[in-house]
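> Coordinates for the following, if possible.
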Amino acid sequence: GVLSFGGDCIAQTIENRSRTSSDSVLPSSIDWKRACVFGSFGLLVFGPAAHGWYSILHRITHNTSLAKANALVRLSTTVAADQLLFSPLCIATAFTYMGIMWHGSSPAEVKTKISAELFSTLKVNWMLWTPCQILNFSLTPLAYRVLVVNVVGVVWNVFLAYTCST
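I've put the predicted structure just below:
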């Protein structure tokens with residue numbers, strides 16, 4: 001939650017600076033409600049989902065026939081599942097959550113947002129997260145994978161908060 005909140009505050013600061021010629025952005029220019037809504041998405045939705053997802057993914061790749069595959073096959077399968085299953089679901093959920101909780105969007109408006117922006121957002125996601133997850137899944141112990149995702153997630157949350165807010 002804190003990282004999502006912080007990511008949104010950074011995104012708003014960047015947005016505000018791009019709109020003004022001034023180098024200083026006053027704290028009052030942060031929309032605290034928006035930051036809290038995006039933070040609550042991280043706390044209530046993404047955080048628990050990511051923790052559960054990485055545990056399930058680890059069990060699948062280490063306690064099934066896939067565990068007998070060589071390390072490269074296991075790594076490729078893990079990253080592919082993460083990027084092709086979990087990422088689209090998380091992005092669509094972020095658009096839905098922010099659409100309803102922040103923008104007050106109708107289900108039809110949320111569907112339009114997802115249709116218009118999911119693929120372009122996924123492409124940015126894949127550029128950042130595919131290399132990150134290759135390193136994460138190959139080098140990081142399970143207990144620390146969510147931590148790695150959270151650290152890299154600060155950068156991602158800035159982009160996602162901006163994308164969700166437009």
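> so where do the helices sit in this protein?
2-19, 32-41, 47-62, 71-81, 87-98, 107-139, 142-165 (DSSP state H).
> show me where pLDDT drops low in this structure?
Applying pLDDT under 70 to the chain flags residues 20-28.
> need the helices of the chain in a markdown table with mean neighbour count, can you?
C-betas here are computed from N, CA, C, even on glycine. Below are the helices of the chain laid out as a markdown table (neighbours: other CB atoms under 10 Å):
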| stretch | mean neighbour count |
| --- | --- |
| helix 2-19 | 18 |
| helix 32-41 | 20 |
| helix 47-62 | 15 |
| helix 71-81 | 15 |
| helix 87-98 | 19 |
| helix 107-139 | 15 |
| helix 142-165 | 18 |
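> Excluding residues flanking it in the chain, which one is nearest Y162?
A11 (4.4 Å; CB to CB, 6 or more residues apart in numbering).
> residues contacting that neighbour?
157-159, 161-162, 165 (CB atoms under 8 Å, 6 or more residues apart in numbering).
> tell me which of those residues is nearest to F95?
S165 (10.7 Å; CB to CB).
> Excluding residues flanking it in the chain, which one is nearest the closest one?
Closest to S165 by CB to CB, 6+ apart is R34, at 6.6 Å.
> about what we covered before: for the residue nearest to Y162, give its distance to A108.
When distance is defined by CB to CB, to the nearest Å, A11 is 26 Å away from A108.
> same deal with L135?
40 Å.
> before we move on, what about C36?
Applying CB to CB to C36 and A108 gives a distance of 26 Å.
> swap in A49?
Relative to A108, and taking CB to CB, A49 is found at 25 Å.
> Could you tell me the phi and psi values at T140?
Per-residue torsions, T140: phi -100, psi 130 (degrees, to the nearest 10).
> Just confirm it contacts V148, I think it does.
Yes: assessed by CB atoms under 8 Å, T140 is found in contact with V148 at 5.2 Å.
> need the contact list for the residue nearest to S165.
8, 12, 102, 165.
> list the contacts for the closest residue to C132 other than its chain neighbours?
Counting by CB to CB, 6+ apart, the nearest residue to C132 once its immediate chain neighbours are dropped is V152, at 5.0 Å. Going by CB under 8 Å, 6+ apart, V152 touches 128-129, 132.
> how about the residues you listed in JSON lines, adding distance to T78?
Output for these, formatted as JSON lines (distance: CB to CB, whole Å):
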{"residue": "L128", "distance to T78": "17"}
{"residue": "W129", "distance to T78": "12"}
{"residue": "C132", "distance to T78": "13"}
